[in-house]
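>>> give me a model of this one.
(chains A, B, C and D)
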2 protein chains.
Amino acid sequence: MRTLDHPERDEMRLDTVLAALADPIRRHIACRLNSTDDDHACATFELPVSKSTSTYHFRTLREAGVIRQEYQGTSIMNSLRKDDLDARFPGLLDSVFTAQNIEGGAAVISA
Amino acid sequence: MRTLDHPERDEMRLDTVLAALADPIRRHIACRLNSTDDDHACATFELPVSKSTSTYHFRTLREAGVIRQEYQGTSIMNSLRKDDLDARFPGLLDSVFTAQNIEGGAAVISA
DNA sequence: CTCGTACTTCGACAGTTACCGTACTACGAA
DNA sequence: TTCGTAGTACGGTAACTGTCGAAGTACGAG
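Numbers count the residues shown, from 1 in each chain, chains lettered A, B, ... in the order given. Have a look, this model is predicted:
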């Protein structure tokens, strides 16, 4: 079974988390994981980029500590590390999602 | 009198604001403007970079809408656009400052 | 008017980021 | 065991970022 590295809660760096969330595609992924409670495979996101670029964005989020990725057969189940993020940087995630909703409205990913 | 361009409240982009705050030097500037109420000239920050690099970071913050810069003689008075930011992206700034304090503790700018 | 101070502008540069396509691996199903 | 699906790894690339120093500008003070 393949496994993937995740930072511990107290290893999360604000620089990295903010940089991860500064990208519209990655924010879209995080928002979507936040709004529905279940896990999602990478492929279900229909991002406007190639598969290899998707991998890159998911990895960036995982390495920042924003999402958790776990293999399940040939797929990866992605979930938001909301508890960990909230414990480490209280309120940050919520304020970003709120901001995203305010600004984005319908725009989603026009990038 | 020289003047500097600032985005309107509703022109502020989440991408840009998050990218601005993702840099430790810029976050340091913003945090310091937040913790003391008065305006500050650029030179009072003693950043660990050259003068031209300072200019670049201050400009990045201003163009994102995070700070306001106004000439006063040969100096520039910098202030945090807290009201505007809070109106546009409620809670965002505070959660970033909280996160900065949690993580940074004493570190300030070790970058 | 001349000088110093405070900041900007410019060009250069190294490093990083976001992106792609091709080739690959790991797993489940047939 | 062979095939399809899901995602990774790699090499390349264009654009962006953070940095510098040198030269320039705008203002206040003398």
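>>> only C-alpha atoms from now on, for both contacts and neighbour counts.
OK.
>>> packing partners for the lowest-mean-pLDDT helix or strand in chain A?
In chain A, no helix or strand scores lower on mean pLDDT, DSSP states H and E than strand A:40-41, which sits at a mean of 91. In terms of contacts (3 or more CA pairs under 8 Å, 6 or more residues apart in numbering or on different chains; DSSP states H and E), strand A:40-41 is packed against strand A:75-80.
>>> interface residues of chain A facing chain B?
With CA under 8 Å from any CA of the partner chain as the criterion, chain A meets chain B at residues A:13-16, A:18-19, A:21-24, A:88-92, A:95-96, A:98-100, A:102-103.
>>> of these, buried ones?
Among the residues of chain A next to chain B, those scoring as buried are A:13-16, A:18-19, A:21-24, A:88-92, A:95-96, A:98-100, A:103 (criterion: 16 or more other CA atoms under 10 Å in any protein chain shown).
>>> so what's the most centrally placed residue in chain A closest to, chain neighbours aside?
Centrality entry for chain A: nearest residue to the mean C-alpha point is A:A30, 3.6 Å, by CA atoms, centre = their mean. Nearest residue to A:A30 in three dimensions, chain neighbours excluded: A:L80, at 6.6 Å (CA to CA, 6 or more residues apart in numbering or on different chains).
>>> that neighbour pairs with what?
Bridge pairing for A:L80 (DSSP bridges) gives the partners A:I67.
>>> quick one: A:V49 from A:R62, how far?
Here the criterion is CA to CA, to the nearest Å. By it, A:V49 lies 18 Å from A:R62.
>>> so between the two, which is more surrounded?
Shown here are A:V49 and A:R62; by other CA atoms under 10 Å in any protein chain shown, A:R62 has more neighbours (23 against 11).
>>> what strand or helix carries the more buried one?
Following DSSP states H and E, one finds A:R62 within helix A:51-64.
>>> does that helix reach DNA strand C?
Yes: using CA under 7 Å from any atom of the strand, helix A:51-64 reaches DNA strand C at A:51-54, A:56-57.
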